[in-house]
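Colleague: can you look at this prediction? I've put the sequence above it.
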Amino acid sequence: MPADIEILTDAADLRTAQQVFRTAMIGVPQLDAEAADGLNEPGRTLGARSDGELIGTANSYTSWLVVPGGERLPHAAVTHVGVLPTHTRQGVVTALLRRQLADIAERGEIVASLRATQGGIYERFGYGIAGSAARLEIDRRRARFRDTVPAAGPVRLLAPADAWEVPAKIYATAGVSWVGAIDRPAQWWRLQQLMRGQGHVAVHGDPASEDGFVRYRGVESAEWSRSPQRTMVVDDLIATTDAAYAGLLRHVLAADIVDSVVIPAAAPDAPLRHLLTDERAVAVTEIRDETWLRLIDAPAALNRRAYNPGPPVVLGITDPILPANTATYRITQDGASVVDDPADLTTDIATLAAAYLGGTPWRHLTLAGRVTEHRPGAAAAADVLFAVEDHPFSGTYF
Ligand SMILES: CC(C)(COP(=O)(O)OP(=O)(O)OC[C@H]1O[C@@H](n2cnc3c(N)ncnc32)[C@H](O)[C@@H]1OP(=O)(O)O)[C@@H](O)C(=O)NCCC(=O)NCCS
């Protein structure tokens, strides 16, 4: 049995927790002690010990998550999960994540989410893949904008001194509202600054009312000045209006010196290719899971998202870890309520999470045997209620 799980408060323990995570990850560099300070939000870092030494950790941040209909639900952004390679397969992460789920529920947060480094771990704890991201590779010379794309507003480059503060302010004030978007706490910005370095930042819109920004850099190469094949990576692209989206991409694709532009995490249904005269200038080279979602308070989560008009569906849900979620829910276009009716569809809490943001069709989950259909046509009816306009996408890696 693993050691007890505790909330870490001591500054030295919090530093060690960062080291444990980074050692567990193998390829993520260590931070020096000063840099590690202040990266963990007080009261949210869990530690597991063996013989007094920290050997496992799990952390989270206070955040929000946008759900269909636009509401921002109280959300725990789960991160820094790791167990030292000398102590794996002893149930340590199981103990950490179960305790973490109980703590998040205790705080009254309605959902939790994470980005997984491995696909086989989190479903057992009730997390399901609710949103995905695409890697775009753009042949910059072929990427010409159509004459019909409307003119954008002003785009300006930020001075290095403003390159973190101004984007953080834009993100907080520009009305981020797409389904799957999350709040970025101060610690997130600090960690980005530490890990990503400077890069270049352009913003769209008039000063103090900007509606988007883009952060990009050249792929490091000793031969950058003479290279025949230079690549730019877009680390962050936030646009809260169509004009910002087009204007910032025009800016990026106007960089004469680069041959290709890589956007490692774009919305899978990003409209960029439609803006270009040759759609093949944009290649989607990967689609991968982004948001792993956990419904902490399923009744509240189901009730606070919007549904489309359509016949009601009754869902039977089981959750062995947070048993208050085990219930039968009637979903109508007006919301969700707990009922005693027989279920049309039965499934577990992780599968419900996969469908919750509208990004995974109930019919596909039924095809996989993850949902049992007790009334023919119920999965298709649930798809009508749950469907969303744009694929759920966050754009924030943590
Ligand atoms: C992944 C990791 C956290 C697992 O920790 P752990 O303490 O060994 O996990 P547990 O012993 O509690 O095992 C939990 C279950 O997951 C399974 N499991 C653990 N690691 C697994 C893996 N890499 N692939 C598939 N299953 C795995 C275990 O077999 C166990 O299954 P069971 O409940 O059916 O017996 C640990 O290996 C680690 O730190 N890896 C590197 C860092 C990392 O990937 N962190 C995640 C960042 S998001």
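Modeller: Alright, I've got the coordinates.

Colleague: check contacts around Leu253.
Modeller: Each residue near Leu253 by CB atoms under 8 Å, 6 or more residues apart in numbering is listed here: 138, 140, 143, 145, 261. C-beta coordinates here come from the backbone N, C-alpha and C atoms, glycine included.

Colleague: of the residues you listed, which belong to strands?
Modeller: Secondary structure defined by DSSP state E assigns 138, 261 of the contacts of Leu253 to strands.

Colleague: immediately after the worst-scoring helix or strand of the chain on mean pLDDT, which helix or strand?
Modeller: Lowest on mean pLDDT, DSSP states H and E among the helices and strands of the chain sits helix 33-36, with a mean of 80. Using DSSP states H and E, the helix or strand that follows helix 33-36 in sequence is strand 46-50.

Colleague: where do the helices sit along the stretch 151-300 of the chain?
Modeller: Under the criterion DSSP state H, counting those that start in this stretch, the stretch 151-300 of the chain contains helices at 165-173, 186-196, 242-253, 298-304.

Colleague: for the closest residue to the ligand within the stretch 251-398 of the chain, name its beta-bridge partners.
Modeller: Per CB to the nearest ligand atom, Trp292 is where the stretch 251-398 of the chain lies closest to the ligand, at 8.7 Å. Beta-bridge pairing for Trp292 (DSSP bridges): Leu114, Ile129.

Colleague: isn't it right next to Tyr122, touching?
Modeller: Yes. With contact defined as CB atoms under 8 Å, Trp292 reaches Tyr122; the gap is 5.3 Å.

Colleague: and the stretch 1-150 of the chain, which residues reach the ligand?
Modeller: Residues of the stretch 1-150 of the chain that fall close to the ligand, judged by CB under 6 Å from any ligand atom: 24-25, 81-83, 88-94, 116-118, 120-121, 124.

Colleague: mind redoing it with 5 Å?
Modeller: 24-25, 81-83, 88-89, 91-94, 117, 120 (CB under 5 Å from any ligand atom).

Colleague: how many residues are close by the residue nearest to Ala255 when sequence neighbours are not counted?
Modeller: Leaving aside its sequence neighbours, Ala255 sits nearest to Met232 (CB to CB, 6 or more residues apart in numbering; 6.1 Å). The local packing of Met232 (other CB atoms under 10 Å) involves 22 other residues.

Colleague: tell me which residues touch Met232, please.
Modeller: By CB under 8 Å, 6+ apart, the contact set of Met232 is 140, 216-219, 252, 255, 258, 260-262.

Colleague: I appreciate the help and will end here.
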